[in-house]
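Student: no sequence for this one, just the structure:
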């Protein structure tokens, strides 16, 4: 893996494809233990689409899958702190357990927003699975039941994560060079 340039920034290799696959394999095993045939799996777009696809292909359960789209980065390197609602789920939520699939959790603001939203829709239990987690950036104690990997406070791209809409399709994860 060589460094790459996206727009005006250079990113160096951080997590290779083999490690990403091993993380997903372990998470899939753990998540497959959820004993709920009526579970609603919600993929938070755009960032988690590659992670969610690879994860859910490894889980042979007939769960309903829906998507929603939020934004909190607005093209920058740091979360704006404002969560913008772009697309909501279409599935019936009331009375169901929900598993949110996220690409990365840093501050936890988006996660808190999602929990409030799904509680308002009548969800019984709300669980979260995230590929990456930045514990040093957390400003709340929202629970995350399934964490792929804790990482330092660094801006990362690849495997769904982007910098100004580039880099999502990279099969490994890169970190911004300082």
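Tutor: Okay, I see it. Just so it is clear, the structure is predicted and the values come from calculations on it, not from any experiment.
Student: which residues of this protein score low on pLDDT?
Tutor: Applying pLDDT under 70 to the chain flags the ranges 72-81.
Student: what ranges do the helices span in the chain?
Tutor: Using DSSP state H, the helices of the chain run over residues 17-31, 49-57, 109-120.
Student: Adding distance to residue 178 and mean neighbour count as columns, could you present those in JSON lines?
Tutor: For the C-beta atoms, the positions are set from N, CA and C on the backbone; glycine is no exception. JSON lines is the format used below for the helices of the chain (distance: least, C-beta to C-beta, whole Å; neighbours: other C-beta atoms under 10 Å):
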{"stretch": "helix 17-31", "distance to residue 178": "22", "mean neighbour count": "16"}
{"stretch": "helix 49-57", "distance to residue 178": "25", "mean neighbour count": "19"}
{"stretch": "helix 109-120", "distance to residue 178": "25", "mean neighbour count": "18"}
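Student: And these: which comes nearest residue 167?
Tutor: helix 49-57 (11.1 Å; C-beta to C-beta).
Student: Run the chain-centre distance for the closest one.
Tutor: Averaging C-alpha positions (C-alpha atoms, centre = their mean, to the nearest Å) puts helix 49-57 10 Å from its chain's average.
Student: With stretch 99-115 instead?
Tutor: Centroid separation between stretch 99-115 and its chain, computed with C-alpha atoms, centre = their mean, is 7 Å.
Student: count of residues packed around residue 159?
Tutor: By the criterion of other C-beta atoms under 10 Å, residue 159 has 27 neighbours.
Student: which ones are touching it?
Tutor: Contacts for residue 159 (C-beta atoms under 8 Å, 6 or more residues apart in numbering) come out as 20, 50-51, 103, 131, 168, 170-173.
Student: are any of these buried, and which?
Tutor: 20, 50-51, 103, 131, 168, 170, 172-173 (16 or more other C-beta atoms under 10 Å).
Student: of all these, which comes closest to residue 153?
Tutor: Top of the list for closeness to residue 153, among these and by C-beta to C-beta, is residue 173 at 14.8 Å.
Student: any idea how far residue 101 is from the closest one?
Tutor: Distance check for residue 173 against residue 101: by C-beta to C-beta, to the nearest Å, it reads 17 Å.
Student: what does residue 110 give?
Tutor: Per C-beta to C-beta, residue 110 is found 13 Å from residue 101.
Student: any residues in contact with both of these two?
Tutor: Residues touching both residue 110 and residue 101 by C-beta under 8 Å, 6+ apart: residue 44.
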